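In: Test case, fold it:
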Amino acid sequence: MSDTGPNAGGPNNGSWQGDTWRSAGTPPRAHAFDPYAQPDLFRGVLMRRVVSFLIDLVVLSIPIILAVIFIAVFGVVTLGLGWALFWLISPATVIWPVVYYGMSLGGPHSATVGMRMMDLQMRTFSGTPGYFVLGAAHAVLFWASVSLLTPLVLVVGLLNGRRQLLHDLVLGTVVVNNSVVRTAYAQPPGRAY
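Out: Numbering: from 1, shown residues only. Just a heads-up that it's a prediction; the model follows:
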């Protein structure tokens, strides 16, 4: 027996009311960002994302390069013993980007350094800001999808109105112009009592 349908479980069961399943009669959430009602939110987002990605690559590579230089100098000073620390570089190149994206996309700006420079912001479909696990999953799914599907994953952004990439669709996130969000959702000035 299926739990879906107009008579599944009966009207007094509590698991079904209206046209929603197990929602106590509340309608499903609408998307906060409509590309047809608010096209300015998505204008130029794909190009800005490419530039912000390149900026973030520079930000991510600087600590790794500094660590390699430090270990090389430390190895010379310790007559070769310090070079044994080079094995830490491989795990660091995986852990550091996950932490970086998790902290920055889950932070108060909901954007990485490159995204802030390009005036972009990541939000969920419902309009809420990101959090650490979502930001970390965003990075992991991006790198996994790009490595498996090469640049074909980027074509998805050209085929939808919100300019979402494949990993955005899977995670339920959207990248929007931050300046438009600030002006569209700005609180009107009021009295502070």
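In: OK, contacts around Ala32?
Out: With contact taken as Cβ atoms under 8 Å, 6 or more residues apart in numbering, Ala32 is in contact with 123-127. Heads up, the C-betas are built off the backbone N, CA and C, glycines and all.
In: among these, which ones are buried?
Out: 123-125 (16 or more other Cβ atoms under 10 Å).
In: how about low-confidence regions in the protein?
Out: The chain contains residues with pLDDT under 70 at 1-31, 184-193.
In: on that earlier part again, and which of the buried ones among the contacts of Ala32 is nearest to Ile62?
Out: Comparing those against Ile62 with Cβ to Cβ picks out Arg123 as the nearest, at 27.7 Å.
In: Report the secondary structure state of that closest one.
Out: With DSSP: H, G, I helix; E, B strand; the rest coil as the basis, the three-state label of Arg123 is strand.
In: Go ahead and confirm Val45 touches Val180.
Out: No: with contact defined as Cβ atoms under 8 Å, Val45 and Val180 do not form a contacting pair (10.2 Å).
In: Between these two, which contacts overlap?
Out: With Cβ under 8 Å, 6+ apart as the test, Val45 and Val180 reach no residue in common.
In: All the strands of this structure, residue numbers only.
Out: For the chain, applying DSSP state E gives strands covering 16-17, 20-21, 120-124, 173-177.
In: want to try CSV for these, with distance to Ile71 as columns?
Out: Listed next are these as CSV, based on distance: least, Cβ to Cβ, whole Å:
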stretch, distance to Ile71
strand 16-17, 61
strand 20-21, 56
strand 120-124, 34
strand 173-177, 36
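In: Ok, which of those comes nearest Leu158?
Out: Nearest to Leu158, of all these, is strand 173-177, at 14.3 Å by Cβ to Cβ.
In: Next one: Phe132 from Ser90, what distance?
Out: With distances taken as Cβ to Cβ, to the nearest Å, Phe132 is found 23 Å from Ser90.
In: These two - which one has more neighbours?
Out: Phe132 (16 against 9; other Cβ atoms under 10 Å).
In: which one of the strands of the chain is the most hemmed in?
Out: Greatest average neighbour count among these goes to strand 173-177 (a mean of 24), per mean count of other Cβ atoms under 10 Å.
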